[in-house]
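Provide a 3D model corresponding to the input given below.
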Amino acid sequence: MAKVFRYKVIDINGEIHEGAHQAENRLEMLKTIRSRGERPIRVDEKIEKGSARVDANLLSRNPKTKDLIIFCRQLHTMLNAGMPLISALEVLIDQSENLKLKDALKNITSNVKKGEMLSEAMGRYKKYFPSLLISMIKSGEMTGNLDNVLQKMADHYDKENKINTKIKRAMIYPVVLMVLAVSAVVFLLTFVLPIIIGMFEGSGVPLPLPTRIVLAISSAIRSHWYLFIAGIILIVLGYKAYVSSKRGKRMKDNLLLHLPFIKKPIKKVMTSRFTRTLSTLLSSGIPIIEALETSAKVTNNEILIEGIADVSENIKKGDSLSALLGEMNLFPSMTVSMIHIGEESGAIEEMLEKTAEYYDDEVEAALDKLVAIIEPLGIVTMGLVIGFIVIAMMLPMFDMFKTI
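Numbering: from 1, shown residues only. As a prediction, this is how the structure comes out:
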């Protein structure tokens with residue numbers, strides 16, 4: 001059965017047209033458009049009134065990395081095709097599925113029409129657009145190379161999104177294991193233990209110390225469960241408030257950089273983000289001091305940010321970047337060596353890009369290794385806790401047999 005598709009296209013003269021056409025599917029509609037020598041901007045199936053559904057997540061969430069990738073790629077494609085900036089922004093407004101981003105783009109387009117630079121208009125929405133993207137767009141406007149800058153940023157955020165996805169996947173198993181362990185312990189303490197221990201309380205046999213400890217914990221949980229829940233909530237909120245402060249975040253970041261098994265993956269992720277961002281900024285003509293400070297902020301690590309602030313001051317005195325980074329003891333020696341080679345050869349951007357690509361692969365391997373370590377540790381810990389509870393339940397049986 002044929003469906004009706006709404007479309008927006010750029011014709012051979014570079015003009016934008018909209019319309020509707022019947023086709024069996026979206027692929028056939030795209031073939032029809034291309035057969036006319038037109039370039040599709042948007043092709044959507046027309047939905048009858050009453051059948052449209054609104055995704056509640058799109059009404060509330062802020063733009064994510066994927067939204068930035070789409071924004072950069074689509075804007076690059078349209079500008080590269082010769083479309084005026086304002087027309088391209090209007091298409092993006094129509095294309096955007098994120099309502100908050102759509103509203104921001106409407107205001108940005110309005111300000112650009114009034115004569116503002118794109119970077120200046122986007123600067124009003126730093127909550128949605130990272131400072132890195134705004135700085136890069138400003139650089140592209142100054143050099144007349146905005147479309148290429150957008151392409152670089154799309155690639156940059158695409159790689160950043162892949163790293164974030166790898167980190168989230170690596171954390172799934174430990175989180176699931178922890179939830180199962182806590183659920184099993186709570187079930188044993190609140191349901192199984194009281195039933196079994198109740199059988200021995202009237203026998204006159206004194207309960208062993210491990211049993212009394214576990215029974216006391218079980219009684220406290222069953223009698224004051226709301227206090228435990230409130231305590232957990234307060235701890236979580238207190239932790240979030242503390243790490244939101246500069247002092248708390250610095251302590252957390254410093255701890256992560258020194259924890260066994262954790263510090264290596266953390267440093268590799270940090271190195272990958274720092275070198276890739278620095279390469280992108282330097283290749284776009286951003287001054288070295290600004291590029292270093294922006295790259296450090298992208299890592300979101302207070303220890304590195306503070307260290308780079310000192311590096312920036314020393315670079316103004318003429319010191320070598322590679323030597324200063326080596327003194328920080330935060331980057332692998334290979335990274336420092338690659339930057340030194342780049343300084344000597346005058347190809348520091350290329351060396352930084354190669355370093356970032358190398359550590360992208362290293363991040364995945366390091367995360368896999370971390371999961372391989374966490375898995376047995378989690379199982380052993382869960383086994384010890386549950387085993388202690390089971391032993392506490394069995395000890396009264398042995399004492400009863402001795403009494404008999």
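
which SSE is residue 7 in?
Per DSSP states H and E: residue 7 is located in strand 3-10.

name the helices or strands packed onto the very next helix or strand once past that strand?
Counting by DSSP H and E, the element after strand 3-10 in chain order, helix or strand, is strand 16-23. Secondary-structure packing of strand 16-23 (3 or more C-beta pairs under 8 Å, 6 or more residues apart in numbering; DSSP states H and E): strand 3-10, helix 26-35. In short, each C-beta sits where N, CA and C put it, glycine included.

Pull out the buried residues from strand 16-23.
21, 23 (16 or more other C-beta atoms under 10 Å).

Same question for stretch 300-318.
Those would be 301, 302, 303, 304, 305, 307, 308, 311, 312, 315, for stretch 300-318 by 16+ other C-beta under 10 Å.

What mean pLDDT does the helix or strand harbouring residue 336 get?
Using DSSP H and E, residue 336 maps to helix 333-345. Averaging pLDDT along helix 333-345 gives 90.

what do you get for stretch 280-293?
The model assigns stretch 280-293 a mean pLDDT of 87.

about what we covered before: using CSV, lay out the buried residues of stretch 300-318 together with distance to residue 393 and secondary structure.
Listed next are the buried residues of stretch 300-318 as CSV, based on distance: C-beta to C-beta, whole Å; DSSP: H, G, I helix; E, B strand; the rest coil:
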residue, distance to residue 393, secondary structure
301, 46, coil
302, 47, helix
303, 47, helix
304, 50, helix
305, 52, helix
307, 53, helix
308, 56, helix
311, 59, helix
312, 62, helix
315, 65, helix
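
Now residue 18: closest residue in space, sequence neighbours ignored.
Spatial nearest neighbour of residue 18, chain neighbours left out: residue 8 (4.9 Å); criterion: C-beta to C-beta, 6 or more residues apart in numbering.

Could you tell me which residues make contact with that neighbour?
Neighbour list for residue 8: 16, 17, 18, 40, 41, 42, 91, 94 [criterion: C-beta atoms under 8 Å, 6 or more residues apart in numbering].

Which positions in the strand holding residue 7 come out as buried?
Buried residues in strand 3-10 (16+ other C-beta under 10 Å): 5, 7, 8, 9, 10.

Can I get the helix holding residue 336 in CSV? Just the C-alpha atoms.
What follows is helix 333-345, C-alpha atoms only, in CSV (Å, rounded to 0.1, in the frame of the first residue of the first chain):
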residue,chain,number,x,y,z
SER,A,333,55.6,8.3,28.4
MET,A,334,54.6,7.4,24.8
THR,A,335,52.4,10.5,24.6
VAL,A,336,55.2,12.8,25.8
SER,A,337,57.6,11.2,23.3
MET,A,338,55.1,11.6,20.4
ILE,A,339,54.5,15.3,21.3
HIS,A,340,58.3,15.8,21.4
ILE,A,341,58.6,14.3,18.0
GLY,A,342,55.8,16.6,16.7
GLU,A,343,57.6,19.7,18.2
GLU,A,344,60.9,18.7,16.5
SER,A,345,59.3,17.9,13.1
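
Good, wrapping up.
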